[in-house]
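A.B. asks: need the 3D shape of this:
(chains A and B)
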Protein chains: 2
Amino acid sequence: MKRTQRPSEQTLAAFGELRLIERIRKKALARGETGEKLVVEGIGDDTAVLKWEKDWWLLLTCDTLVEGVHFVKGTAACRVGWKAMGCNLSDIAAMGGIPLYAVVSLACPAGTAVGGIDEMYAGMMNLARRFGVSIVGGDTVESPGGLCVTVALIGKVEKNRHVARSGAKPGDAICVTGRLGGSLLGKHLAFIPRVEEGRALATKCSPSAMIDISDGLASDLLKLLEASGVSAEISEDAIPVSEDAVRFAKQTGRSPVEHALQDGEDFELLFTLPEEKVGRCLRLFRRSFSTPVTVIGKVKKGRKKPLLKRAEGSSVVLEGRGYEHFQSLPAAARKVRRSV
Amino acid sequence: MKRTQRPSEQTLAAFGELRLIERIRKKALARGETGEKLVVEGIGDDTAVLKWEKDWWLLLTCDTLVEGVHFVKGTAACRVGWKAMGCNLSDIAAMGGIPLYAVVSLACPAGTAVGGIDEMYAGMMNLARRFGVSIVGGDTVESPGGLCVTVALIGKVEKNRHVARSGAKPGDAICVTGRLGGSLLGKHLAFIPRVEEGRALATKCSPSAMIDISDGLASDLLKLLEASGVSAEISEDAIPVSEDAVRFAKQTGRSPVEHALQDGEDFELLFTLPEEKVGRCLRLFRRSFSTPVTVIGKVKKGRKKPLLKRAEGSSVVLEGRGYEHFQSLPAAARKVRRSV
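C.D. replies: The predicted structure is shown next:
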């Protein structure tokens, strides 16, 4: 008889990223690490939210890009730098916050050219400067493997104005910025994080919940709904499909809308807000941004799986097949390593 | 005729870590990234110091540990976690600060066991809890190469009370906590960061300059002196040599004091303070800590290379042969990579 494997004996490939994050979160909570009253949002949201000043809360986030996972070997260094800064900015954007200071930790092969590092910093600084962020420190270490870039970013948001992913209410409209899908054709290395849009939303529309789309519209919507304890119905027809999703679909044989639903790294904002605020939100975007905003569905009560209304009228359960670390890469030699 | 290579064409192996940090710092400054008035200390000190609240400044630091560089494959995961948290705590300690919140970014092979991640977090949390730090977020991504752990840590320090590495004055005593050398035999994975000692120093003795010993006593003293624009004379006799330095010397054939001077990762505090405060400092340590503190020399004026007074009476120029990334590992296949 085959013995059931305990979680601790499973590989990350078998266990999956989302269960791992939940496991870490529970352990941290159990020990009171994130349970104290100064932590407003701990492990599990886009950024941590910490009580700090009287009127402002502190946001803290960090993301790592790994060669061979987030970018292929041979990618221009300035693009890698841009993406490393951008995905952190996107996390601050998803809280409605103002990004402020970054530290950068680079692990790179000794054979990397100094010019490559110059270019990576140029990419990071271009984007940082655009959003008023200063790079104030970090470290640089040798990596015997590939390149690994981590950016940690702090920001701030007015007390009680931060937008968590857990506040969606039945009846709320579900909205998304930009056009989705096919990011792998280029946008994932050159996107503009929606910092200004996120800020305008937080200060003028008070969304009930918000998340940035990093793993895919369907996957990230499922996370938002689960955190909020609600369900949803979205319309296939309404999903804003990018030109790249159409181009990519021709290569893959899948439909453009499937790419818009399932592709990762769009770095757009997905948010919910009460029906009566939708008009104000649409006017705000028309007046202030070239980024479109689109209503794609509605929050429903209960914890049932969300539905996708097909163009022809039928409904199917919405599945998240977006990117999940440890499960989405082709299975390599994945023997269990207990030590590191 | 051989053309001189421009810096941008050199590999990091040829260019070296210290020149790279200086290059990044200058570029950041040139663009005003760290030049604005809210940044008290930017790139180049142990942590960034940022104006934030009225009475408190914010400290922000981040460090990456890489498998094969900071720990060998097969190291117990809890030790790796301990070290990842510890080296960041040590950076906060060196500013005289109070550590507060950490985010953790893990890049690990899909074949890693979930239990290994549990243990790594256990190691981090053990040390975090000891110093009142909460782990509040981060991310976990797949690494096709080895394991790579980054901790970003924020802390705080009273306005004008932070201790930079640039304040040493001629005539100041040079002091060090603990006993040095041979860290590779085990201490580098199990050290207690000198957070309490650093805090007591900052609040009760106002050191003129402070740095943590991560690359080696000689190397880190040279950094402190250069940042302060001064020289020094230290006595070989006075250097507190650890038992592990003695044990290690038997294996390497070098002298114990050479290990105490040149070995990296002691994570002790090296600081300077006016002569008249030395008595108070020694009493403070005797009363409050089991950690010893030792006066090893004196700050001298001018920018001459510092001297090491040998036991038998002669003096030699103090050389830093401590750890420098990109130059200290055995040269691997180091062809120039401009792209990443």
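A.B. asks: how about the nearest residue to the residue in chain A that chain B sits nearest to, chain neighbours excluded?
C.D. replies: Residue of chain A nearest chain B, by Cβ to the nearest Cβ: A:G145 (2.5 Å). In this view, the C-beta of every residue, glycine as well, is placed from N, C-alpha and C. Among residues not flanking A:G145 along the chain, B:G145 sits closest, at 2.5 Å (Cβ to Cβ, 6 or more residues apart in numbering or on different chains).
A.B. asks: just A:C108 next, same as before
C.D. replies: Among residues not flanking A:C108 along the chain, A:L147 sits closest, at 4.8 Å (Cβ to Cβ, 6+ apart).
A.B. asks: check whether that neighbour really touches A:S105, as I assumed.
C.D. replies: No - using Cβ atoms under 8 Å, A:L147 is not in contact with A:S105, being 11.7 Å away.
A.B. asks: for the stretch 151-300 of chain A, just list every one of the helices.
C.D. replies: Secondary structure of the stretch 151-300 of chain A (DSSP state H, counting those that start in this stretch): helices at A:195-204, A:217-228, A:243-252, A:256-262, A:278-288.
A.B. asks: quick check: which of those is nearest to B:S228?
C.D. replies: Comparing the helices of the stretch 151-300 of chain A against B:S228 with Cβ to Cβ, the closest turns out to be helix A:195-204 (38.7 Å).
A.B. asks: could you pull up the residues touching the residue nearest to A:C108?
C.D. replies: By Cβ atoms under 8 Å, 6 or more residues apart in numbering or on different chains, the contact set of A:L147 is A:V66, A:E67, A:V80, A:L106, A:A107, A:C108, A:P109, A:T112, B:V340.
A.B. asks: rebuild those residues as TSV, extending it with distance to B:L100 and pLDDT.
C.D. replies: Output for the contacts of A:L147, formatted as TSV (distance: Cβ to Cβ, whole Å; pLDDT from 0 to 100):
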residue	distance to B:L100	pLDDT
A:V66	28	91
A:E67	32	91
A:V80	30	95
A:L106	25	91
A:A107	25	91
A:C108	29	89
A:P109	34	89
A:T112	34	88
B:V340	33	36
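A.B. asks: now, among these, which is nearest to A:P292?
C.D. replies: Nearest to A:P292 among these: A:V80, at 28.1 Å, using Cβ to Cβ.
A.B. asks: the closest one should be in a helix, yeah?
C.D. replies: Yes - applying DSSP: H, G, I helix; E, B strand; the rest coil, one finds A:V80 inside a helix.
A.B. asks: residues contacting the residue nearest to A:L100 when sequence neighbours are not counted?
C.D. replies: The shortest distance from A:L100 to any non-neighbouring residue, by Cβ to Cβ, 6+ apart, is to A:G155 (5.2 Å). Contacts of A:G155 were listed using Cβ under 8 Å, 6+ apart, and they are A:T47, A:L58, A:L59, A:T61, A:I92, A:M95, A:G97, A:I98, A:P99, A:L100.
A.B. asks: any part of stretch A:261-269 near chain B?
C.D. replies: No - judged by Cβ under 8 Å from any Cβ of the partner chain, stretch A:261-269 stays clear of chain B, getting no closer than 12.1 Å.
A.B. asks: buried ones in that stretch, by neighbour count?
C.D. replies: When burial is assessed from 16 or more other Cβ atoms under 10 Å in any protein chain shown, stretch A:261-269 yields the following buried residues: A:L261, A:Q262, A:D263, A:G264, A:E265, A:D266, A:F267, A:E268, A:L269.
A.B. asks: ok, stretch A:57-68 next?
C.D. replies: Buried residues in stretch A:57-68 (16+ other Cβ under 10 Å): A:W57, A:L58, A:L59, A:L60, A:T61, A:C62, A:D63, A:T64, A:L65, A:V66, A:E67.
A.B. asks: for the fifth one, what are phi and psi?
C.D. replies: To tie it back to what came earlier, the one meant is A:T61. Note on A:T61: backbone dihedrals following degrees, to the nearest 10 are phi -140, psi 160.
A.B. asks: what is it paired to in the beta sheet?
C.D. replies: A:T61 has the following beta-bridge partners by DSSP bridges: A:L153.
A.B. asks: what's the pLDDT at it?
C.D. replies: A:T61 carries a pLDDT value of 94.
A.B. asks: pLDDT at the residue nearest the centre of chain A, what is it?
C.D. replies: Centroid-nearest residue in chain A: A:S214, 3.5 Å away (criterion: Cα atoms, centre = their mean). For A:S214, the model assigns a pLDDT of 93.
A.B. asks: hmm, it is touching A:G264, no?
C.D. replies: Yes - applying Cβ under 8 Å as the test, A:S214 and A:G264 come out as touching, 6.2 Å apart.
A.B. asks: which residues in chain A form strands?
C.D. replies: Counting by DSSP state E, residue ranges of the strands within chain A are A:39-41, A:48-51, A:56-66, A:98-108, A:134-142, A:148-158, A:173-177, A:209-212, A:231-235, A:269-273, A:293-300, A:307-309, A:315-317.
A.B. asks: so which of these comes closest to B:T11?
C.D. replies: Of all the strands of chain A, strand A:98-108 sits nearest to B:T11, with 10.4 Å by Cβ to Cβ.
A.B. asks: what packs against that closest one?
C.D. replies: Judged by 3 or more Cβ pairs under 8 Å, 6 or more residues apart in numbering or on different chains; DSSP states H and E, strand A:98-108 is in contact with helix A:77-93, helix A:114-130, strand A:134-142, strand A:148-158, strand B:48-51, strand B:56-66, strand B:148-158.
A.B. asks: between these, which one is closest to B:T203.
C.D. replies: Nearest to B:T203, of all the helices and strands packed on strand A:98-108, is strand B:148-158, at 7.9 Å by Cβ to Cβ.
A.B. asks: and the angle for the closest one with strand A:56-66?
C.D. replies: Orientation check (axes from the mean of the first three to the mean of the last three Cα atoms, to 10 degrees): strand B:148-158 against strand A:56-66 gives 160 degrees.
A.B. asks: could I get the strands of chain A as TSV with distance to B:K298?
C.D. replies: What follows is those, written out as TSV (distance: least, Cβ to Cβ, whole Å):
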stretch	distance to B:K298
strand A:39-41	46
strand A:48-51	42
strand A:56-66	41
strand A:98-108	34
strand A:134-142	30
strand A:148-158	38
strand A:173-177	61
strand A:209-212	55
strand A:231-235	70
strand A:269-273	58
strand A:293-300	66
strand A:307-309	74
strand A:315-317	75
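A.B. asks: residues from the stretch 151-300 of chain A in reach of chain B?
C.D. replies: Selection of the stretch 151-300 of chain A residues close to chain B by Cβ under 8 Å from any Cβ yields A:A152, A:I154.
A.B. asks: if we use 10 Å, what do you get?
C.D. replies: For the stretch 151-300 of chain A, the contact set with chain B under Cβ under 10 Å from any Cβ of the partner chain comprises A:V151, A:A152, A:L153, A:I154, A:K156, A:S214.
A.B. asks: need the helices of the stretch 151-300 of chain A in a markdown table (columns: mean pLDDT and distance to B:D118).
C.D. replies: Converted to a markdown table, these look like this (pLDDT from 0 to 100; distance: least, Cβ to Cβ, whole Å):
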| stretch | mean pLDDT | distance to B:D118 |
| --- | --- | --- |
| helix A:195-204 | 97 | 34 |
| helix A:217-228 | 95 | 23 |
| helix A:243-252 | 96 | 38 |
| helix A:256-262 | 95 | 31 |
| helix A:278-288 | 97 | 43 |
